[in-house]
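>>> below is the sequence, then the predicted model.
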Amino acid sequence: MASNDDPDQEAARAADAEVGKAGSDAMSRRLATQLERDIESPLPWRSIAKKTVMVVVAGVTIYLVFPSLTEVFASFPKLTSLDPIWFTLAVVLQVAHFACTIALQRIALRTKAWFSVATSQLAGNAISLVVPGGAAFGAATQFRMLAASGSDTATAVGGLTAFSLLGIGGLLALPIFVLPAILAGTPIESGLQHAALLGIAAFVLFAGFGALVLASDGPLRWAGRVVQATRNRLKRKAEPMTGLSDRLVYERNRIRDVLGRRWKEAALLSSGRLAFDFGTLLATIRATGAKPNPSLVLLAYAVAGLLALIPITPGGLGIVEAGLSALLILAGISGGDAVVATLAYRIISYWLPILVGPFAYLAFRLRFGPPGTGGGAGSGGPALAAG
């Protein structure tokens, strides 16, 4: 009797799974449609006011760090004293960093396309580097470009989310690699040592939270209910938000599925993009003639990377220059070499990508047309696979 029921039970489970998947897909489509509508619609006054405040805060911040920024750029003539071999190696390493970034995004977006992912990433990255709090603007630009190239919009939402989480997690993990040096008694300035311990604690919290979210539905559903209730209470005149808990669980499952099958490759590329970017900084320091302790430079690099995440100035402009040069001095590099190395590193990792972005956007437009006016937004795989 049990054997006769098993096929029916399996069929019922399969049917339930199909219904759940269809409902989740519809939910994700609605989220993607809402994103597209928000991107293309005029900005409400509250959004304009918020962005105005961000610009003012960014201006005040740059003013406060202006002396350090001036000191860095005043060293521009000293770039001619850099070893050209090490400087060229730094540029090559930065190109490798972007190659890993694009390859990692291809995994997250579940596509074999190179052109559409590369051009949208370079263009979105350039925008994120020139606008205060530009990460959201850069992601929105890349989202529109991917949609115009034929990418499934729901996949783009989940993929870009997974990519962002991998980047933050990898950056927080860097101080762990300095822990052996600390335990071995390597002389470290107290400021750097405290930063390392804080970074390790932050990574442990991030990893623990990530593991909990990936393994259990409860915390996500609880967070979804709280956020949904708060949003509906604050915006009583707006259309009530519904289904946020289910949406969060679905997007979590999407991210887990994206990384689950190719997690080794994703981990390797995520590590590679950080290693090549760190190598860029290390090469610019060696180009000055200094021979630093790589462990201490790694710690300075990790802290500077976290500073760049603060959405106050475009790409951390001013904050990173002031912070990185000071951190390199704490790492045992002379003041003059630290400032010149910081300038060289920022030229390669900040200013050159800004210059490349418009060309990437133009190349994309020549092939797919202006983002938001065509393409198969939501059309799925074939068009993107061809890109």
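Ah, there it is. Predicted model only: the values in this text are computed from it and were never measured. Numbering: from 1, shown residues only.
>>> burial count for Ile107?
If you count neighbours by other C-beta atoms under 10 Å, Ile107 ends up with 21. The way it works is simple: take the backbone N, C-alpha and C, and place the C-beta from them, glycine included.
>>> next up, identify which helix or strand it is on.
Element membership for Ile107, per DSSP states H and E: helix 84-108.
>>> list the buried ones in the helix or strand just after that helix?
Going down the chain from helix 84-108, the next helix or strand is helix 115-130, by DSSP H and E. Across helix 115-130, burial judged by 16 or more other C-beta atoms under 10 Å covers 116-129.
>>> residues of the host helix or strand of Pro219 that come out buried?
Assigned by DSSP H and E, Pro219 belongs to helix 218-234. In terms of neighbour count (16+ other C-beta under 10 Å), helix 218-234 has its buried residues at Leu220, Gly224, Gln228.
>>> try stretch 84-104
Neighbour-count burial for stretch 84-104 [16+ other C-beta under 10 Å]: 86-87, 89-91, 93-94, 96-98, 100-104.
>>> tell me the one of the buried residues of helix 218-234 nearest Glu239?
Among the buried residues of helix 218-234, Gln228 lies closest to Glu239 (C-beta to C-beta), at 12.4 Å.
>>> and the buried residues of helix 218-234 as JSON lines, adding pLDDT and distance to Val72?
Shown next, in JSON lines, are the buried residues of helix 218-234 (pLDDT from 0 to 100; distance: C-beta to C-beta, whole Å):
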{"residue": "Leu220", "pLDDT": "71", "distance to Val72": "43"}
{"residue": "Gly224", "pLDDT": "74", "distance to Val72": "44"}
{"residue": "Gln228", "pLDDT": "75", "distance to Val72": "45"}
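>>> buried residues in the helix or strand where Leu366 lies?
If you go by DSSP H and E, Leu366 is part of helix 352-368. The neighbour-count check on helix 352-368 (16+ other C-beta under 10 Å) flags Pro353, Ile354, Gly357, Ala360, Tyr361, Phe364, Phe368 as buried.
>>> could you identify the most distant pair in those?
With distances taken as C-beta to C-beta, the most widely separated pair in the buried residues of helix 352-368 is Ile354 and Phe368, at 22.1 Å.
>>> re earlier: what helices and strands are in contact with the helix holding Leu366?
Helix 352-368 sits against helix 84-108, helix 115-130, helix 134-148, with contacts defined as 3 or more C-beta pairs under 8 Å, 6 or more residues apart in numbering; DSSP states H and E.
>>> Thr111 - how many residues pack around it?
Neighbourhood size, Thr111 [other C-beta under 10 Å]: 24.
>>> any idea how far it is from Ser120?
11 Å (C-beta to C-beta, to the nearest Å).
>>> just to revisit the earlier point, nearest to Leu298 among the buried residues of helix 218-234?
Leu220 (33.4 Å).
>>> pretty sure the closest one is touching Ser245, no?
Yes: between Leu220 and Ser245 there is a contact at 7.0 Å, judged by C-beta atoms under 8 Å.
>>> for Ala96, what are its contacts?
Contact analysis of Ala96 by C-beta atoms under 8 Å, 6 or more residues apart in numbering lists Gly272, Phe276.
>>> now with 10 Å?
By C-beta atoms under 10 Å, 6 or more residues apart in numbering, the contact set of Ala96 is Gly272, Arg273, Ala275, Phe276, Asp277, Gly279, Thr280.
>>> what's the helix or strand for the fourth one?
Assigning secondary structure by DSSP H and E places Phe276 in helix 263-287.
>>> now that helix: buried residues?
Applying 16+ other C-beta under 10 Å to helix 263-287 flags 266, 269-270, 272-287 as buried.
>>> about what we covered before: farthest-apart pair in the contacts of Ala96, please.
Between any two of these, the greatest separation by C-beta to C-beta is 12.6 Å, found for Gly272 and Thr280.
>>> list residues touching both of those two?
Contacts common to Gly272 and Thr280, judged by C-beta under 10 Å, 6+ apart, are Ala96, His97.
>>> which one of the buried residues of helix 352-368 is nearest to Ala308?
Pro353 (12.7 Å).
>>> wait, that closest one touches Phe98, no?
Yes: at 7.6 Å, Pro353 counts as touching Phe98 under the criterion of C-beta atoms under 10 Å.
>>> where does pLDDT dip in the stretch 151-300 of the chain?
152-159, 161, 178-200, 202-214, 251, 254-255, 258-260 (pLDDT under 70).
>>> so which strand or helix has Met241?
Counting by DSSP H and E, there is no helix or strand that carries Met241.
>>> give the contact list for it.
Gly224, Val227, Gln228, Ala229, Thr230, Arg231, Asn232, Lys235, Arg247.
>>> export the residues you listed as JSON lines, with columns for distance to Ala338.
As requested, the contacts of Met241 are exported to JSON lines (distance: C-beta to C-beta, whole Å):
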{"residue": "Gly224", "distance to Ala338": "46"}
{"residue": "Val227", "distance to Ala338": "43"}
{"residue": "Gln228", "distance to Ala338": "48"}
{"residue": "Ala229", "distance to Ala338": "50"}
{"residue": "Thr230", "distance to Ala338": "45"}
{"residue": "Arg231", "distance to Ala338": "46"}
{"residue": "Asn232", "distance to Ala338": "51"}
{"residue": "Lys235", "distance to Ala338": "48"}
{"residue": "Arg247", "distance to Ala338": "47"}
